[in-house]
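Novice: need a structure here:
(one chain, ligands or ions: 1)
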Amino acid sequence: MRKITLLDLYNHPNVQKYVKRSGMVHAISTAYHAYHLAIKLGVNPDLATKAAFLHDIGHYTWYKNGHWDYDMYKENDIHAIKGAERAHRILVSLGEDRSKAKEIALAILLHTDSYLPEGTLELNPLQKVVALADEKDEEPGGSHHYRTITDLKARTMIKKLDEMVDEYHAEEKIKHSVS
Ligand SMILES: [Fe+2]
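Specialist: From the prediction side, this is the model:
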């Protein structure tokens, strides 16, 4: 049994505040992509969906005269660093295992290299899943950050994904007890 669920995260006031800023639809779709990629690549879907759901929680709004200023964003953004710390704090406060909270935070920290000097990152499978899931949901001009959803629909999708993750873990448990 998982200590905390995606719904617990969804209900956290700071998740509501910060994830909505970067787009709840984008967070949920990325979490669904991460689930499918995790199953395909043999990564723990519990960690993958949580990291994907929270991956943009560190975003700040870089607006100038009512418009998103991409240059200002490029120059000043540290959303992956901020997000890793913010997500870690929320996860620990809700009672997540420290080791899982660290793995999730690291996947958030490394989901993009946009804030790093040139160079290549060696990503582990979980980190790769989260980065790929994010890419899958990206739209030109950053419009994936602006899609909207009702609270009811968001909750339904989050609960459904929680069930999918729980089912996967229950099946894995049975497989291991038989083998
Ligand atoms: Fe993203």
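
Novice: Nearest spatial neighbour of the most centrally placed residue in the chain, chain-adjacent residues omitted?
Specialist: The residue lying closest to the centre of the chain (Cα atoms, centre = their mean) is residue 52, at 2.1 Å. The spatial neighbour of residue 52 that comes closest, neighbours along the chain excluded (Cβ to Cβ, 6 or more residues apart in numbering), is residue 34 at 3.4 Å. Placement of C-beta: from N, CA and C, glycine included.

Novice: what's the distance between that neighbour and residue 75?
Specialist: 29 Å (Cβ to Cβ, to the nearest Å).

Novice: So which of these two has more stuff around it?
Specialist: Set residue 34 next to residue 75 and count neighbours by other Cβ atoms under 10 Å: residue 34 wins out with 31 against 9.

Novice: And the helix of greatest length in the chain, what does it pack against?
Specialist: As assigned by DSSP state H, the longest helix anywhere in the chain is helix 151-178. Helix 151-178 sits against helix 6-11, helix 24-41, helix 45-54, with contacts defined as 3 or more Cβ pairs under 8 Å, 6 or more residues apart in numbering; DSSP states H and E.

Novice: relative to helix 45-54, how tilted is the longest one?
Specialist: On the basis of axes from the mean of the first three to the mean of the last three Cα atoms, to 10 degrees, helix 24-41 is oriented at 150 degrees to helix 45-54.

Novice: buried residues in helix 24-41?
Specialist: 24-35, 37-38 (16 or more other Cβ atoms under 10 Å).

Novice: Name the next helix or strand downstream of the lowest-mean-pLDDT helix or strand in the chain, please.
Specialist: None of the helices or strands of the chain scores lower by mean pLDDT, DSSP states H and E than strand 67-68, at a mean of 76. Once the chain leaves strand 67-68, the next helix or strand it forms, by DSSP states H and E, is helix 70-76.

Novice: Does anything pack onto the helix or strand following that next one? Which helices or strands?
Specialist: Downstream of helix 70-76, the next assigned helix or strand under DSSP H and E is helix 79-94. Contacts defined by 3+ Cβ pairs under 8 Å, 6+ apart place helix 79-94 against helix 6-11, helix 13-22, helix 45-54, helix 98-109.
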